[in-house]
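Engineer: Quick one: sequence plus predicted model below, questions after.
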Amino acid sequence: MKIHEYQAKSLLGKHGVPVPEGQVVNTQNEAMDVAEKLGGNVVVKAQVHAGGRGKAGGVKLVGSSSEAAQVCNELLNSNLVTIQTGSDGVPVDKVLIEEIIDVKKELYVAFTIDGVKKKVVAIVSEFGGMEIEEVAENNPDKVLTLELDSSLGASPYKTRKLASFLNVDVKQIRPLANVISSLYDVFVSNDCSLVEINPLVITGDGRVLAADAKITIDDDALFRHPNLSEFYDPAQEDPFEKQAAKFGISYVKLDGDIGCLVNGAGLAMATMDVTRSSGASPANFLDVGGGADESKVSEALKIILLDEKVKKIFINIFGGILKCDIVARGILDASRNIDREFPELVVRMLGTNFDEGREILMKSGLNISLVNDLKEAADSLKSD
């Protein structure tokens, strides 16, 4: 579960991580009041679950309370389009008004999980304020990644090593190490999958502050944190993805026009690669899982077809627990219960009950291209 910056900073504050003075608001009058209390010179930040806000106009420095109110009014009830959103953007329902910081140095600090090594890792760089991917590509020697032993956690030795790597004045190493240790506490105690502070700043008067914060909490651990359920903001989620979640379907909306239905995440990634190799573009990532039944397959197709951009659907199934004839019946059920015209289907099915599944589809009367391999699939997906 992603949470907003102001919510992330409330968690940081509870664990002793210093944050700028500020307050979240949802009206321009509130923005004016908060800005006045902070002296007028403030930063106004749109609260959305997407990076790239600054470049998209979602973060603005203002010089007066009236200007803060004006910017707040412009942002509220608008949709912010960033490099991490679709073309429709995401709604802005709240803005964060914060003091302007006298920044002397910007740093990057994050904790996340390495799925391959099955360990928590700390990542730091003295190049804060930039995308860490860009830093890693252009200046890999400026990024330090340390694995953390689950039994020892962020030991003093590790936190000092991380702080020392950041090329700061020796007087700043201890306070930085303390903040890094506190960030690890945030990560572990809230079952996070990501805690990212970019930038963590050193101010002109020597303070260490989390100027921005991004926190993601493991959905499977939320039952241990009922107090965090109030942080959930459904308005930030894609409506198709919310619909898919109701049926336990893994779905991510993309910008293409070829709907994809697959069983298995690895096969789904390969399916999208094949789609792109044909010159087309996938409209979604969708994995119905290995144990789907007819109704789940049907619901998956209905969700795909909620996207009006979809003009063709690529179904790529390797039958195991999910048998091919079940998939075929699910396709037929969806075709009978959809309001829009059913598009052409490109279907590749192999595995359990393969022959039964193909026979059902061949007799369905639907516009279906049955293919035997990925090359044939790519050829069938090419534009006419």
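Structural biologist: Cool, got the structure. Numbering: from 1, shown residues only.

Engineer: Which helix or strand lies directly C-terminal to the helix or strand containing residue 113?
Structural biologist: The secondary structure element spanning residue 113 is strand 103-114 (assigned by DSSP states H and E). Stepping forward along the backbone from strand 103-114, the first helix or strand reached (DSSP H and E) is strand 119-125.

Engineer: could you check the angle strand 103-114 makes with that following strand?
Structural biologist: For strand 119-125 against strand 103-114, the angle by axes from the mean of the first three to the mean of the last three C-alpha atoms, to 10 degrees is 160 degrees.

Engineer: what's the offset of strand 119-125 from the middle of its chain?
Structural biologist: Taking the mean of its C-alpha atoms, strand 119-125 sits 19 Å from the chain's own mean (C-alpha atoms, centre = their mean, to the nearest Å).

Engineer: next one: stretch 48-67
Structural biologist: Relative to the chain's own centre, stretch 48-67 is displaced by 20 Å; criterion: C-alpha atoms, centre = their mean.

Engineer: Could you do stretch 313-321 as well?
Structural biologist: Here the centre of stretch 313-321 is set off from its chain's centre by 26 Å, with C-alpha atoms, centre = their mean.

Engineer: Could the C-alpha coordinates of that stretch be exported in PDB?
Structural biologist: Coordinates of each C-alpha in stretch 313-321 appear next as PDB, following Å, rounded to 0.1, in the frame of the first residue of the first chain:
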ATOM      1  CA  ILE A 313      -6.800  -9.400 -27.000                       C
ATOM      2  CA  PHE A 314      -3.900 -11.700 -26.800                       C
ATOM      3  CA  ILE A 315      -4.600 -14.800 -24.600                       C
ATOM      4  CA  ASN A 316      -1.500 -16.800 -23.800                       C
ATOM      5  CA  ILE A 317      -2.200 -19.800 -21.500                       C
ATOM      6  CA  PHE A 318       0.000 -22.700 -20.400                       C
ATOM      7  CA  GLY A 319      -2.400 -25.100 -19.000                       C
ATOM      8  CA  GLY A 320      -1.500 -26.800 -15.700                       C
ATOM      9  CA  ILE A 321      -3.800 -26.400 -12.700                       C
END
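
Engineer: mean confidence score for that stretch?
Structural biologist: Computed over stretch 313-321, the mean pLDDT rounds to 91.

Engineer: so where's this structure uncertain?
Structural biologist: For the chain, residues meeting the criterion pLDDT under 70 lie at 383-384.

Engineer: care to break it down by domain?
Structural biologist: For the chain, automatic domain parsing gives the domain ranges 1-19+102-236, 21-100, 239-381.

Engineer: Please confirm that residue 360 is located within a strand.
Structural biologist: No: remark: residue 360 does not belong to a strand; assigned using DSSP: H, G, I helix; E, B strand; the rest coil, it is helix.

Engineer: just checking, it touches residue 330?
Structural biologist: No: proximity of residue 360 to residue 330 does not meet the contact threshold set by C-beta atoms under 8 Å, at 10.2 Å. C-betas here are computed from N, CA, C, even on glycine.

Engineer: And for residue 51, the neighbour number?
Structural biologist: Neighbours of residue 51 under the rule other C-beta atoms under 10 Å: 17.

Engineer: which residues touch it?
Structural biologist: The contact partners of residue 51, taken as C-beta atoms under 8 Å, 6 or more residues apart in numbering, are 82, 83, 84, 131, 214.

Engineer: Apply 6 Å and report the result again.
Structural biologist: Remark: with contacts taken as C-beta atoms under 6 Å, 6 or more residues apart in numbering, residue 51 is in contact with residue 84.

Engineer: helix or strand for it, which one?
Structural biologist: Using DSSP H and E, no helix or strand contains residue 51.

Engineer: Residue 146 too?
Structural biologist: When elements are assigned from DSSP H and E, residue 146 belongs to strand 143-148.

Engineer: what about dumping the CA coordinates of the helix or strand just after that strand to CSV?
Structural biologist: Of the helices and strands lying after strand 143-148 in sequence (DSSP H and E), the nearest is helix 156-164. What follows is the C-alpha trace of helix 156-164 in CSV, where atoms were taken according to Å, rounded to 0.1, in the frame of the first residue of the first chain:
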residue,chain,number,x,y,z
PRO,A,156,25.9,1.2,14.5
TYR,A,157,28.8,0.0,12.3
LYS,A,158,26.5,-0.2,9.3
THR,A,159,24.8,3.1,9.9
ARG,A,160,28.2,4.9,10.3
LYS,A,161,29.5,3.3,7.2
LEU,A,162,26.4,4.5,5.2
ALA,A,163,26.7,8.0,6.7
SER,A,164,30.5,8.2,6.0
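
Engineer: and stretch 370-383, C-alpha only, in CSV?
Structural biologist: Extracted in CSV, the C-alpha atoms of stretch 370-383 (Å, rounded to 0.1, in the frame of the first residue of the first chain):
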residue,chain,number,x,y,z
LEU,A,370,-5.7,-19.8,-32.8
VAL,A,371,-1.9,-19.9,-32.9
ASN,A,372,0.6,-22.5,-32.0
ASP,A,373,3.7,-20.5,-31.1
LEU,A,374,4.8,-17.0,-30.2
LYS,A,375,5.9,-16.2,-33.8
GLU,A,376,2.5,-16.9,-35.1
ALA,A,377,1.0,-14.8,-32.2
ALA,A,378,3.3,-11.9,-33.1
ASP,A,379,2.3,-12.1,-36.8
SER,A,380,-1.4,-12.2,-35.8
LEU,A,381,-1.0,-9.1,-33.6
LYS,A,382,0.5,-7.0,-36.4
SER,A,383,-1.7,-4.2,-37.6
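
Engineer: Work out for me the element the nearest residue in space to residue 285 that is not next to it in sequence sits within.
Structural biologist: If the residues on either side of it in the chain are set aside, residue 285 comes closest to residue 252, at 4.2 Å by C-beta to C-beta, 6 or more residues apart in numbering. Assigned by DSSP H and E, residue 252 belongs to strand 250-253.
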